[in-house]
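# Just need the structure, nothing else, for what follows:
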Amino acid sequence: MDSLNRHTFKDSFITESGVEIPQPRIVWRTWGKLNKAKDNVVFICHALTGNPHADDWFGGLIGSGKSIDPEKHFIICPNILGSCYGTTGPASFNPKTGKAWQAEFPEITIRDIVRFNQKLLDELEINKIELVIGGSLGGMTALEFAIMDERIQRAALFAMGKAHTPWAIGISEAQRLAISADKNWNHGFYDQDQPPAKGLAAARAMAMITYRTPENYQQKFGREIHPEKEIFQVESYLNYQGKKLVERFDANAYISLTKAMDSHDISRGRGTFEGVLGDLRRPVLIVGFNSDKLYPIEEQRELAKLIPSSHLAELESPYGHDAFLIEFDQLNIELQKFYHSLTEVQ
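The predicted structure is shown next:
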């Protein structure tokens, strides 16, 4: 059974920084049916501008006969804390002020996102997660989940690493600077009918460049001119992607979640990377793509070296970082091999 669910928690949520979020709300989608043992759960973590409708953006992995099968699994995908698809975030109503949080929304971390998801699992009385899976920000969340929660039995991590690198942080900051340069941006406050649209569109254009590769852009666009707009096809494409994001996403949520990504560092407050990941004994599938410029495959190789029960899949793709949302045939093969190897061991 497929359903969209909403819940407002009675208790406040306290962020790692100590800020209280009263009456926090979470929205999530489910597919399939929870079995009597409540141990057939697959938990999907979405990426930066993703939403709980995982069958839209992860559809190549979800379905009858696929790696994540609603006929076998009870699938959960929540909208994460700090986003803008129903879960509490900067665009949400703050009961204490009677206004939207906007820039007053507290800075959150990947670990805050995990702890908020844990509140949902507690509410649903789920005590075992067969698989937690995600790519990019979703992969960071899935890794922290596997470290923080004993309910996780295995994890699949796509296109990310053990910590956000200076390269990735710099890209995020450049995008935030583009948003803050918009004339409608007033230190994070703006009228809802006059959002910092140009700034957010510019940030999205920057991101779209890092999600692919020079070779892919050459093959896709070349130096072709748009027949109606008299600009390069690549310019038209980036303008279109920026416009689409402005129509569906909140600028403050973009700021909040890119900063959460920058917080990603599994060693923070725990010791060394070797010690933290060496203690992660659950089976972990790590997938990297040879053309990923945002989170290069060396980051996935490093994760695999540090996690004892890990399997590394180095996949070829022309699509760069976006490959984890495109190369579903390859991903299904790797996930099924991962499951099969675990069955053999058992």
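# And the residue nearest the centre of the chain, how far from residue 7?
The centroid of the chain falls nearest to residue 47 when counting by C-alpha atoms, centre = their mean (2.1 Å). Going from residue 47 to residue 7 by C-beta to C-beta, to the nearest Å gives 23 Å. Backbone N, C-alpha and C define where each C-beta goes, glycine included.
# ditto for residue 103
From residue 103 over to residue 7 the distance is 26 Å, taken as C-beta to C-beta.
# Do me a favour and average the pLDDT over stretch 103-110.
Across stretch 103-110, pLDDT averages out at 98.
# how about that stretch: buried residues?
Using 16 or more other C-beta atoms under 10 Å as the test for burial, stretch 103-110 gives 103, 105-110.
# and what of stretch 311-320?
Quick answer for stretch 311-320 (16+ other C-beta under 10 Å): 311-313, 315, 317-320.
# quick one: which of the residues you listed sit in strands?
Members of the buried residues of stretch 311-320 lying in strands (criterion: DSSP state E): 311-313, 315.
# Can you tell me which of those is nearest residue 159?
The closest of these to residue 159 turns out to be residue 315 (C-beta to C-beta; 9.9 Å).
# The nearest residue to residue 131 once chain neighbours are set aside pairs with what?
Spatially, and ignoring its direct neighbours in sequence, residue 131 is nearest to residue 42 (4.8 Å; C-beta to C-beta, 6 or more residues apart in numbering). Legend: beta-bridge partners of residue 42 under DSSP bridges are residue 75, residue 131.
# for residue 42, what are its contacts?
Residues near residue 42 by C-beta atoms under 8 Å, 6 or more residues apart in numbering: 68, 73-76, 129-133.
# ok, it to residue 10 distance?
27 Å.
# now do residue 119
Relative to residue 10, residue 119 is positioned 11 Å away (C-beta to C-beta).
# Same drill for those two, tell me which one is more crowded.
Ranked by neighbour count (other C-beta atoms under 10 Å), residue 119 and residue 10 place residue 119 first, with 16 against 7.
# pLDDT score for that one?
The model's pLDDT for residue 119 equals 98.
# Now tabulate the buried residues of stretch 103-110 in JSON lines and tack on distance to residue 299 and secondary structure.
Output for the buried residues of stretch 103-110, formatted as JSON lines (distance: C-beta to C-beta, whole Å; DSSP: H, G, I helix; E, B strand; the rest coil):
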{"residue": "103", "distance to residue 299": "31", "secondary structure": "helix"}
{"residue": "105", "distance to residue 299": "29", "secondary structure": "coil"}
{"residue": "106", "distance to residue 299": "28", "secondary structure": "coil"}
{"residue": "107", "distance to residue 299": "24", "secondary structure": "coil"}
{"residue": "108", "distance to residue 299": "23", "secondary structure": "coil"}
{"residue": "109", "distance to residue 299": "19", "secondary structure": "coil"}
{"residue": "110", "distance to residue 299": "15", "secondary structure": "helix"}
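# quick one on the thing from earlier: and of the contacts of residue 42, the nearest to residue 193?
Out of these, the member with the shortest distance to residue 193 (by C-beta to C-beta) is residue 76, at 34.6 Å.
# correct me, but the closest one touches residue 27?
No. Here residue 76 does not reach residue 27: they are 11.6 Å apart, not a contact under C-beta atoms under 8 Å.
# The two: which is more packed in?
More neighbours surround residue 76 than the other of residue 76 and residue 27, with 26 against 20 (other C-beta under 10 Å).
# How about the contacts made by that one?
Residues counted as contacts of residue 76 (C-beta under 8 Å, 6+ apart) are 28-30, 41-44, 120, 124.
# Tell me where this protein is predicted with low confidence.
1, 342-346 (pLDDT under 70).
# If we use 80, what do you get?
1-2, 340-346 (pLDDT under 80).
# show me where it has strands.
Assigned by DSSP E, the chain shows strands spanning 3-8, 13-14, 20-21, 25-31, 41-45, 74-78, 93-94, 99-100, 131-135, 155-158, 284-289, 310-315.
# Take those strands and lay them out in TSV including distance to residue 52.
Shown next, in TSV, are the strands of the chain (distance: least, C-beta to C-beta, whole Å):
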stretch	distance to residue 52
strand 3-8	7
strand 13-14	18
strand 20-21	19
strand 25-31	4
strand 41-45	9
strand 74-78	5
strand 93-94	20
strand 99-100	21
strand 131-135	13
strand 155-158	18
strand 284-289	22
strand 310-315	26
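# Nearest to residue 252, out of these?
Judged by C-beta to C-beta, the one of those that comes nearest to residue 252 is strand 99-100, at 8.7 Å.
# Nearest to residue 178, out of the strands of the chain?
strand 99-100 (21.9 Å).
# Can you name every helix or strand that the closest one contacts?
Counting contacts by 3 or more C-beta pairs under 8 Å, 6 or more residues apart in numbering; DSSP states H and E, strand 99-100 packs against strand 93-94.
# hang on, the earlier thing: mind giving me CSV with the buried residues of stretch 311-320 and columns for distance to residue 253?
Listed next are those as CSV, based on distance: C-beta to C-beta, whole Å:
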residue, distance to residue 253
311, 34
312, 33
313, 32
315, 30
317, 29
318, 30
319, 25
320, 24
